[in-house]
Each structure stands twice: as structure tokens, then as C-alpha cells.
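Peer 1: how would this look folded up:
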Amino acid sequence: MKHGILEKLAEAIYKFDAYPNEERCHSVALALISKHPCLREPGSPDGCSGWKNSLTYKMGNYRTKLRKAGCAEVAINQGKKGAPGMASKGLKRPKRFEVNYLPDLPEGQNEDRLEVERKLLVEEMKKRNPSGTVIASKMDQTFPLRRREIVEAEPPVKTLKERWPALFTERQVFAEFNSIATTNLENDFFGAKLAEIVQQIDSRKPDVTAVRTLVLQGIPALLGDDPSNFYNTSFDSDSDEAWDQVSVGLLTVISEDVPLSPNHLHLDPVSTAIILEGGIVMDNLQNLPQALCLLFGLSYALHLDYPKAMKNTFSFIQRVMLGLGENKLPPKLQTLKNLLLS
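Peer 2: Next up, the predicted model:
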């Protein structure tokens, strides 16, 4: 009976997390004895220590079984060593609650066939008026191939832009995020949490973009982040080469008639752009909040780490604004959430 229970639990856990840590296995064990008190272990301090240990090793065995069956999400780590329940630092695994981290190729498809579709997608993007329907269909079809390339090979952003130009459009950034995290990024980013924060700051009928910009530029300061190299401003006559040293950031381009100040909101910019690995990958965006929303989406789509200097801010967006993650927040994030939403 115990074997059957652990097998079913492993199947259910895997749908949420292929590499659960000890804390998550413990929470499952607690839920098990809470639902079925007859399974409580006599003599155990919390009644479930044995279940937790068994679950930890069961998940390791379950991954081995899936790896032998060719499951891409765990096969990518074949040969890498780590404790059965705790993946080692070098393992590639979901870290930000990605639901479709590394999906298998569709039945009846292979990499060669999907590569043909990718090339057709590139040709479609070269047209003066590319078909949104065709692009959406082929991007959806090639999603597993793209994830395999991005997660396994980790190519430079410049290479990805050449191979997957459609991925750097607003519509496809949002679609890709939805495919990975099964969450509507745009709706949730500008939804209840941000709206509530805006309401707390100004209960009148404010310029929504102005207050959103103020909030998003203020959050890093409250969390102890350093946005000095993240929020960038330039004149429209400046060269793009000025951003060669910026690994991740936003760029607000203003007219030379406007005073250049990093602390100014610049609500009527010439353009707003996203910088990745020293180059502009998306430009002519509506405003800074929209650009930050898209940049967050790209961090998932391109499997990028959060910028170190803005790690707390990006975690706040993920955990608080989008609700992606465990309910228990780190102290910094919980304190700011209480401050802004109380």
C-alpha cells in the first residue's frame, strides 16, 4: 500500500515540480497525514518524517524512470550527480514556477521537421506585413524546439533574435510567457496588485501611466536594489553603442529639448526600448511600464537570470504581482507588500 501511495504522490508532485526540495516534500507529507490521519507515524515528532524521507527518494527514482523513457525535462540532466531529492547547483530545472519548462516534442514530430517550420517562420517575418495568424500558429507549433534550444544550448540573445525574430514582438512575448507559466502576463502585471498599489498612492483619477512609472521606479529603492544601470535615459541623437556595457535594462529616449535626468519620469518619450546583452532587442514601446512588463516576459522566454542589481524587484513582480511562487515570501518582499497594500 505504501508503494502505491508514494507512486501516486510522485506523479502528482511531478506535475508541479520535477525537483521538489525537502521543504516541499515535507509539506506534501503533512498534507497526506492531515487528509488521512491513519497514516500518521507513531513516535515521529510531526507524524510524517518517514513519509517525507520516502517521498524525497521516491522523486529521485521517479525521475530516473522518466529519464529512461526519454522525458526531456529530466533527460537534460542525465549523468549529472546530485542527491536524490535535491538537485545539484548545475542541474537545469524550473526555478521560477515554469509549468512548461522543457516540454517533449509533439508526437509524430522531430527536430528536423520543426526546423523547417522555424525557417518558414523567419521568412514570414521578413514580409512587409507578416500574417499574425501564421506567426502565432508556427510559434505555437515550434515551442518545444525553441525551449530545447534556449534551455539546453543557452545561445546569446543576438543569435536568438536572428533565429526567432517573432519572439521579440509584443504579442509573442506574452504568448510565450503564457505557454511557459500558463499566466496572462499583461493582465496580471497591470492587474489587481499594481492597481491596488496605485490606488494607495493616489485615490484621485491620476495619470495611470505616470503613477505606474513612479511605482515601478520606486520599488527597487524600497527593496534595496540598485537601478542605476537598469533604468537608462538618452537623447534621440545619442549612439546605440552607449549601451554596450548594459546586460539587462530599459532605455527611455527623449528629445534634446527635454532636460536629461535619470530621476525624471519622462512620460512623453520619443521611444522606450529593452536592452539585453548590450544591444536593443525591442524598441518603439509604449512606455516604461509596458517595457518592464515585456522585459519580464523575455526573462522567461529566453531563460534569463534576473539582473543581480534588480533581483529583489523582479522577485517582487513574480511573487507578489503575478502570484508565481510559494505563498511564504522572503522578509523583504513581505515587508514591502504589507507597506504598499495595507
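
Peer 1: how about the strands in the stretch 51-200 of the chain?
Peer 2: Read by DSSP state E, counting those that start in this stretch, the stretch 51-200 of the chain holds no strands at all.

Peer 1: residue ranges for the helices of it, please.
Peer 2: Using DSSP state H, counting those that start in this stretch, the helices of the stretch 51-200 of the chain run over 72-75, 111-125, 132-141, 143-148, 157-163, 170-181, 185-189, 192-201.

Peer 1: Between the ones you listed, which one is closest to residue 324.
Peer 2: Nearest to residue 324 among the helices of the stretch 51-200 of the chain is helix 170-181 (6.1 Å), distances taken as C-beta to C-beta. All C-beta spots, glycine's among them, are computed from the backbone N, C-alpha and C.

Peer 1: before we move on, back to that, among the helices of the stretch 51-200 of the chain, which is nearest residue 10?
Peer 2: Each of those has some distance to residue 10 by C-beta to C-beta; the shortest is helix 72-75, at 12.3 Å.

Peer 1: counting contacts, what elements does that closest one pack onto?
Peer 2: helix 49-68 (3 or more C-beta pairs under 8 Å, 6 or more residues apart in numbering; DSSP states H and E).

Peer 1: okay, the helices of the stretch 51-200 of the chain in a markdown table with mean pLDDT and distance to residue 60 next?
Peer 2: Listed next are these as a markdown table, based on pLDDT from 0 to 100; distance: least, C-beta to C-beta, whole Å:
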| stretch | mean pLDDT | distance to residue 60 |
| --- | --- | --- |
| helix 72-75 | 86 | 10 |
| helix 111-125 | 96 | 29 |
| helix 132-141 | 96 | 33 |
| helix 143-148 | 96 | 23 |
| helix 157-163 | 97 | 33 |
| helix 170-181 | 96 | 25 |
| helix 185-189 | 94 | 33 |
| helix 192-201 | 74 | 37 |
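
Peer 1: and these as TSV, adding distance to residue 265 and mean neighbour count?
Peer 2: Formatted as TSV, the helices of the stretch 51-200 of the chain follow (distance: least, C-beta to C-beta, whole Å; neighbours: other C-beta atoms under 10 Å):
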stretch	distance to residue 265	mean neighbour count
helix 72-75	43	20
helix 111-125	34	15
helix 132-141	32	15
helix 143-148	36	20
helix 157-163	28	16
helix 170-181	22	21
helix 185-189	19	19
helix 192-201	13	16
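
Peer 1: Quick one: closest of the ones you listed to residue 281.
Peer 2: Among these, helix 157-163 comes nearest to residue 281, with 6.0 Å by C-beta to C-beta.

Peer 1: end-to-end on stretch 35-52?
Peer 2: 15 Å (C-alpha to C-alpha, to the nearest Å).

Peer 1: Next, the buried residues of that stretch.
Peer 2: By 16 or more other C-beta atoms under 10 Å, the buried positions in stretch 35-52 come out as 39, 47-48, 51-52.

Peer 1: got JSON lines for the residues you listed, with pLDDT too?
Peer 2: Shown next, in JSON lines, are these (pLDDT from 0 to 100):
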{"residue": "39", "pLDDT": "93"}
{"residue": "47", "pLDDT": "91"}
{"residue": "48", "pLDDT": "92"}
{"residue": "51", "pLDDT": "94"}
{"residue": "52", "pLDDT": "93"}
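
Peer 1: Specify the stretch among the helices of the stretch 51-200 of the chain that is closest to residue 331.
Peer 2: Here helix 192-201 is closest among these (C-beta to C-beta), at 18.7 Å.

Peer 1: Using CSV, write down the CA coordinates of that closest one.
Peer 2: Output in CSV follows, covering the C-alpha atoms of helix 192-201 (Å, rounded to 0.1, in the frame of the first residue of the first chain):
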residue,chain,number,x,y,z
ALA,A,192,-5.2,43.9,-9.2
LYS,A,193,-1.9,44.2,-7.3
LEU,A,194,-0.4,47.1,-9.3
ALA,A,195,-3.8,48.8,-9.4
GLU,A,196,-4.1,48.5,-5.7
ILE,A,197,-0.7,50.0,-5.1
VAL,A,198,-1.6,52.9,-7.5
GLN,A,199,-4.8,53.4,-5.6
GLN,A,200,-3.0,53.6,-2.3
ILE,A,201,-0.6,56.2,-3.6
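
Peer 1: According to the record, where do the domains of the protein fall?
Peer 2: 2-75, 111-183, 187-341 (automatic domain parsing).

Peer 1: and residue 101, how far is that from residue 60?
Peer 2: Here the criterion is C-beta to C-beta, to the nearest Å. By it, residue 101 lies 18 Å from residue 60.

Peer 1: Can you pull up the most central residue in this structure?
Peer 2: The centroid of the chain falls nearest to residue 300 when counting by C-alpha atoms, centre = their mean (3.5 Å).

Peer 1: if we can go back for a sec, residue 101 and residue 60: who's more crowded?
Peer 2: The residue with more neighbours, out of residue 101 and residue 60, is residue 101; 22 against 17, by other C-beta atoms under 10 Å.

Peer 1: element containing residue 275, please.
Peer 2: strand 271-276 (DSSP states H and E).

Peer 1: Quick check: next helix or strand after that strand?
Peer 2: Using DSSP H and E, the first helix or strand after strand 271-276 is strand 279-285.

Peer 1: Show me what that next one is in contact with.
Peer 2: Strand 279-285 has contacts (C-beta atoms under 8 Å, 6 or more residues apart in numbering) with 157-158, 161, 168-170, 173, 240, 243, 251, 271-275, 291, 294, 298.
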